[in-house]
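1. just a sequence and a predicted model for now, questions to come.
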Amino acid sequence: QVQLAESGGALVHPGGSLRLSCTASNITLESYAAGWFRQAPGKEREGISCISQLGSRIEYADSVKGRFTVSRDNADNSVYLQMDNLNPDDTGVYFCVAAPILTIIGLTRGMFDYRGQGTQVTVSS
């Protein structure tokens, strides 16, 4: 059974940073594009970022561009999301996903094959 396990979520003050990790099991992540979306209470799913199999193509939502950085380590079967200058609007559950092809629009529409259980990020003073 394919599993994506996120970690790194926490409570952080505005302006702070977090690094989310996602490690895949029973899947060769290198064969898949990977990405992140978030879900806040009362809000729709928001695609955050995606990265192609070898990292040559990366996309970000406008809301996080310049503050978030996605990366991957195929040797470790993992993908990461470095989040800097966090603000309260970044609060939500962050999910890692994998699919043969990913786009920000596709993430927002739920167009992915595999999804983790999510990790909570709370930005509050």
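-> Now that the structure is in, tell me what you want to look at.
2. residue 44 in helix, strand or coil?
-> coil (DSSP: H, G, I helix; E, B strand; the rest coil).
3. count of neighbours near residue 49?
-> For residue 49, the neighbour count with other CB atoms under 10 Å is 24. No exception for glycine: its C-beta is placed from N, CA and C like everyone else's.
4. where's the nearest residue to it once chain neighbours are set aside, which helix or strand?
-> Of all residues not flanking residue 49 in the chain, residue 70 sits nearest, at 4.2 Å (CB to CB, 6 or more residues apart in numbering). Using DSSP states H and E, residue 70 sits within strand 68-73.
5. by contact count, what packs against that strand?
-> strand 33-39, strand 46-51, strand 58-60, strand 78-83 (3 or more CB pairs under 8 Å, 6 or more residues apart in numbering; DSSP states H and E).
6. and those strands: which comes nearest residue 113?
-> Nearest to residue 113, of all the helices and strands packed on strand 68-73, is strand 33-39, at 9.8 Å by CB to CB.
7. give me the buried positions along the closest one.
-> 33-38 (16 or more other CB atoms under 10 Å).
8. tabulate the helices and strands packed on strand 68-73 (JSON lines), appending mean pLDDT.
-> Below are the helices and strands packed on strand 68-73 laid out as JSON lines (pLDDT from 0 to 100):
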{"stretch": "strand 33-39", "mean pLDDT": "97"}
{"stretch": "strand 46-51", "mean pLDDT": "97"}
{"stretch": "strand 58-60", "mean pLDDT": "98"}
{"stretch": "strand 78-83", "mean pLDDT": "98"}
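9. for those strands, which one sits closest to residue 3?
-> Using CB to CB, these put strand 78-83 closest to residue 3, at 12.5 Å.
10. return the list of helices and strands in contact with that closest one.
-> strand 18-25, strand 33-39, strand 46-51, strand 68-73.
11. the third one: partners in the sheet, and parallel or antiparallel?
-> This means strand 46-51. strand 33-39 (antiparallel), strand 58-60 (antiparallel) (DSSP bridges).
12. cheers, nothing more for now.
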